[in-house]
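Enquirer: This is the structure alone, sequence omitted:
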């Protein structure tokens, strides 16, 4: 052997050994390539007893909401707020052209001046004829006529003043203010648009005060008690909180056979919650519901394990080759932080709850002990 080639041969042997040792940490994937396995946490479906719970769909809303409009017809001269602005009670929101009302107020002022002058003249006549009557220089008939003229002049002045009050009231409707402090959530009209009585221009929601409005059927309303707890699951922000039932409607006549309930949101939980968010509501019922299935027949999995892709829902299971396998499933109702699986997953089949890396079909997995 050539001594000059011996060091090169030794280096080649060492490199081959190192490469072989590194490849032992990888698993051959579906494409024949070596892939690093993903460490995962698995679980089996729960069989929680849900026979005593009531589930409903709800929506977050402000405790107090007002559609701000005007009682007079006219062109909007200016809107002083935009969507998202915080306003205080009494703050000017928008104004309506008031040229015609100002002209009418000027007319009433002139009428008041005229009526006041007539009253002063009638009062002088009344005082003069009263003296003449006491001196027997005027008849009772003449005093009665002057007295009636005086009362009529006084009534005319009072009518003119009331007309001025009416005009001032109309004028106040051209400067519309916020009835309470809150946030502007909608803006329907801008400057130059025609404002009509009863047509909302902006919507204001009370800031800070949030609640959930949900509807339940007539077969469930008897099991709900005011003051009881309710589990609120807001999927959009992945938040699960406990609220309190503060209001139960006693009639479903105007709500399509559904009874409306209101659930308060604790002050400490209102961060990141906005009006309009959809909520899954679960209410522990005091009595089992006749139309609920037995709890042992329900397959429940954590909501966080569900994969949403387009209009499909699924979760990852583990194949016989210890690789991730995406299984499409059909979901049912939500029960707090869990969701019911109607089909696609066996009762005792394991599924992946959490992964330390990115999951996809065929990636090797290692189950965390």
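Expert: Perfect, I can see it now. Since we're looking at a predicted model, the values are computed, not measured.
Enquirer: Report the buried residues of the one helix or strand residue 116 maps to.
Expert: If you go by DSSP states H and E, residue 116 is part of helix 99-134. Neighbour-count burial for helix 99-134 flags 101, 104-105, 108, 111-112, 115, 118-119, 122, 125-126, 129, 133 (criterion: 16 or more other Cβ atoms under 10 Å). Heads up, the C-betas are built off the backbone N, CA and C, glycines and all.
Enquirer: Could you report the separation of residue 214 from residue 225?
Expert: Distance, residue 214 to residue 225, by Cβ to Cβ, to the nearest Å: 15 Å.
Enquirer: Neighbour count for the two, which is higher?
Expert: Taking neighbours as other Cβ atoms under 10 Å, residue 214 and residue 225 compare with residue 214 leading, 23 against 13.
Enquirer: Return the list of helices and strands in contact with whichever strand or helix holds that one.
Expert: Take DSSP H and E as the rule and residue 214 turns out to sit in strand 210-216. Contact here means 3 or more Cβ pairs under 8 Å, 6 or more residues apart in numbering; DSSP states H and E; on that basis strand 210-216 packs against strand 53-62, strand 259-264, strand 278-284.
Enquirer: Would you map the helices across the stretch 201-350 of the chain?
Expert: Using DSSP state H, counting those that start in this stretch, the stretch 201-350 of the chain contains no helices.
Enquirer: Tell me which stretches of it form strands.
Expert: For the stretch 201-350 of the chain, the strands defined by DSSP state E, counting those that start in this stretch cover 202-206, 210-216, 229-234, 239-248, 259-264, 278-284, 300-302, 307-309, 312-318, 324-328, 330-335, 338-343.
Enquirer: what would these look like in TSV with mean pLDDT and distance to residue 83?
Expert: TSV is the format used below for the strands of the stretch 201-350 of the chain (pLDDT from 0 to 100; distance: least, Cβ to Cβ, whole Å):
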stretch	mean pLDDT	distance to residue 83
strand 202-206	91	8
strand 210-216	90	18
strand 229-234	89	22
strand 239-248	90	24
strand 259-264	92	25
strand 278-284	87	21
strand 300-302	85	37
strand 307-309	88	29
strand 312-318	91	34
strand 324-328	92	40
strand 330-335	78	31
strand 338-343	84	34
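Enquirer: Provide the strand pairings for the strand holding residue 214, with the direction of each partner.
Expert: Taking DSSP bridges as the criterion, strand 210-216 forms sheet pairs with strand 53-62 (antiparallel), strand 259-264 (antiparallel).
Enquirer: Is residue 262 in contact with residue 216, as I believe?
Expert: No: in this structure residue 262 lies outside contact range of residue 216 using Cβ atoms under 8 Å: 11.9 Å.
Enquirer: In terms of neighbours, single out the busier of those two.
Expert: Neighbour totals were compared for residue 262 and residue 216, and residue 216 leads with 23 against 19 (other Cβ under 10 Å).
Enquirer: tell me which residues form a beta bridge with that one?
Expert: Counting by DSSP bridges, residue 216 forms beta bridges with residue 259.
Enquirer: what's the model's confidence in stretch 91-100, averaged?
Expert: Across stretch 91-100, pLDDT averages out at 93.
Enquirer: in it, what's buried?
Expert: For stretch 91-100, a neighbour-count test (16+ other Cβ under 10 Å) marks 93, 94, 95, 96, 97, 98 as buried.
Enquirer: related to what we said a few turns ago, turn the buried residues of helix 99-134 into CSV, columns for distance to residue 181.
Expert: Converted to CSV, the buried residues of helix 99-134 look like this (distance: Cβ to Cβ, whole Å):
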residue, distance to residue 181
101, 28
104, 33
105, 31
108, 35
111, 40
112, 38
115, 43
118, 48
119, 46
122, 51
125, 57
126, 55
129, 61
133, 64
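Enquirer: Among those, which one lies nearest to residue 320?
Expert: residue 101 (83.1 Å; Cβ to Cβ).
Enquirer: Pull the contacting residues for the closest one.
Expert: By Cβ atoms under 8 Å, 6 or more residues apart in numbering, residue 101 lies in contact with 72, 167, 170, 171, 174.
Enquirer: As CSV, these with distance to residue 44 would be great.
Expert: Shown next, in CSV, are the contacts of residue 101 (distance: Cβ to Cβ, whole Å):
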residue, distance to residue 44
72, 68
167, 77
170, 72
171, 72
174, 68
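Enquirer: Redo the residues you listed as CSV? Include pLDDT and distance to residue 298.
Expert: Shown next, in CSV, are these (pLDDT from 0 to 100; distance: Cβ to Cβ, whole Å):
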residue, pLDDT, distance to residue 298
72, 89, 59
167, 92, 68
170, 88, 63
171, 90, 65
174, 91, 61
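Enquirer: Neighbour-wise, which one of the residues you listed leads?
Expert: residue 174 (21 neighbours).
Enquirer: Give me the phi and psi for that one.
Expert: phi -90, psi -10 (degrees, to the nearest 10).
Enquirer: Return the distance of it relative to residue 360.
Expert: Using Cβ to Cβ, we find residue 174 at a distance of 63 Å from residue 360.
Enquirer: List just the nearest of the buried residues of helix 99-134 to residue 255.
Expert: Lowest distance from residue 255 to the buried residues of helix 99-134 (Cβ to Cβ) belongs to residue 101, with 40.7 Å.
Enquirer: Check the contacts of residue 101 against residue 89 and report the nearest one.
Expert: Distances from residue 89 to the contacts of residue 101, taken as Cβ to Cβ, are shortest for residue 174 (19.2 Å).
Enquirer: ok, the residue most central in space within the chain - contacts?
Expert: Centroid-nearest residue in the chain, with Cα atoms, centre = their mean: residue 275, separated by 2.1 Å. Residue 275 is in contact with 60, 61, 62, 185, 205, 210, counting by Cβ under 8 Å, 6+ apart.
Enquirer: Give me the phi and psi angles of it.
Expert: phi -60, psi 130.
Enquirer: and it, what pLDDT?
Expert: Here, the pLDDT recorded for residue 275 equals 86.
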